[in-house]
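Student: sequence unknown, structure follows:
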C-alpha cells in the first residue's frame with residue numbers, strides 16, 4: 001500500500017495550487033484502489049462552530065447525483081404513507097419506526113418527518129442527532145410534502161455541516177463519473193457553502209479547499225480560480 005500511495009503522489013506538487021478542474025483530473029489519475037472510490041472535498045472555513053451564530057450547515061442537490069444508493073426513512077401518519085412509499089422510501093411508518101430506532105435499528109441514510117410527528121421524533125433526538133440523521137426543517141427533512149423530500153434525497157442531495165475544526169467534508173460523486181460531472185458537482189457544493197456564510201463570520205471565510213479520492217492523496221485548489 002505504501003508503494004501505491006507513493007506512486008499516486010508523484011504527479012502532485014504539494015507546493016502548488018491547482019484549478020478545480022486540474023485538481024479533479026489529478027485526483028482521478030492518482031487513485032489506485034480496486035473499488036469505485038468517492039471524490040471527497042474538504043473545505044476549511046474561517047468560522048468558529050463553537051458559536052451558534054457561526055454554524056454552517058445546509059443541503060445541496062448535486063447536478064450529477066452522488067452515485068450512492070440512499071435509503072430513506074419517513075416518519076408520518078397513515079395519510080402520508082402511500083405518498084412516501086410511491087416516492088421510493090424504504091422505511092415508512094409512525095410509532096413503529098420510532099420504536100425501531102430506540103432498539104438501535106437504524107437502517108437508513110436520511111430521515112424525513114412530517115411536522116405533526118416531530119413531537120414523537122423528539123423522543124429519539126439524542127439517538128439521531130449525533131448521527132446527523134435528525135429531521136430538520138432548514139434542511140427540508142421536516143415537511144408535509146414527503147414525496148418531494150424523498151425524491152430530493154434520492155436524486156443527489158447532500159447535507160453538509162461544519163465540524164469543530166471549521167472544516168466541511170463531503171463526497172461529490174464517484175471517480176467513475178465524467179470529469180465534467182464531478183466539476184459541476186464540486187461547483188454546486190462550493191457555491192452552496194459560500195451562500196451559507198454566517199453574518200457573524202469575520203475575515204476570510206473560504207480559507208482552503210482540497211480534493212482527494214477515498215484512498216488517494218490530497219490536491220490543493222487555487223481559491224482564486226473558484227471565487
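Tutor: Alright, I've got the coordinates. Worth saying up front: this structure is predicted, and the values here are computed from it rather than measured.
Student: from here on, just use CA atoms for contacts and neighbour counts.
Tutor: Fine.
Student: helices or strands up against the longest helix belonging to the chain?
Tutor: Scanning the chain for the longest helix, with DSSP state H as the assignment, gives helix 179-195. Secondary-structure packing of helix 179-195 (3 or more CA pairs under 8 Å, 6 or more residues apart in numbering; DSSP states H and E): helix 20-30, strand 57-61, strand 167-174.
Student: list the buried residues in the last one.
Tutor: Put plainly, it is strand 167-174. Residues of strand 167-174 classed as buried: 167-174 (neighbour count, 16 or more other CA atoms under 10 Å).
Student: show me the domain layout of this protein.
Tutor: 13-65+157-226, 72-154 (automatic domain parsing).
Student: run through this structure and note the low-pLDDT ranges.
Tutor: Scanning the chain for pLDDT under 70 picks out 1-8.
Student: how about the strands in it?
Tutor: Using DSSP state E, the strands assigned to the chain run over residues 38-45, 57-61, 72-75, 91-93, 110-113, 157-161, 167-174, 206-213, 219-220.
Student: angle of the second one against helix 179-195?
Tutor: If I follow you right, that is strand 57-61. Orientation note: strand 57-61 sits at an angle of 150 degrees relative to helix 179-195 (axes from the mean of the first three to the mean of the last three CA atoms, to 10 degrees).
Student: so what touches strand 57-61?
Tutor: Residues outside strand 57-61 that contact it (CA atoms under 8 Å, 6 or more residues apart in numbering) are 138-139, 152, 155-162, 188-189, 192-193, 196.
Student: now, the most widely separated pair of these?
Tutor: 155 and 162 (22.8 Å; CA to CA).
Student: sorry, back to before: need the strands of the chain in a markdown table (columns: distance to residue 26).
Tutor: Converted to a markdown table, the strands of the chain look like this (distance: least, CA to CA, whole Å):
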| stretch | distance to residue 26 |
| --- | --- |
| strand 38-45 | 11 |
| strand 57-61 | 25 |
| strand 72-75 | 34 |
| strand 91-93 | 39 |
| strand 110-113 | 32 |
| strand 157-161 | 23 |
| strand 167-174 | 14 |
| strand 206-213 | 9 |
| strand 219-220 | 7 |
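Student: many thanks, have a good one.
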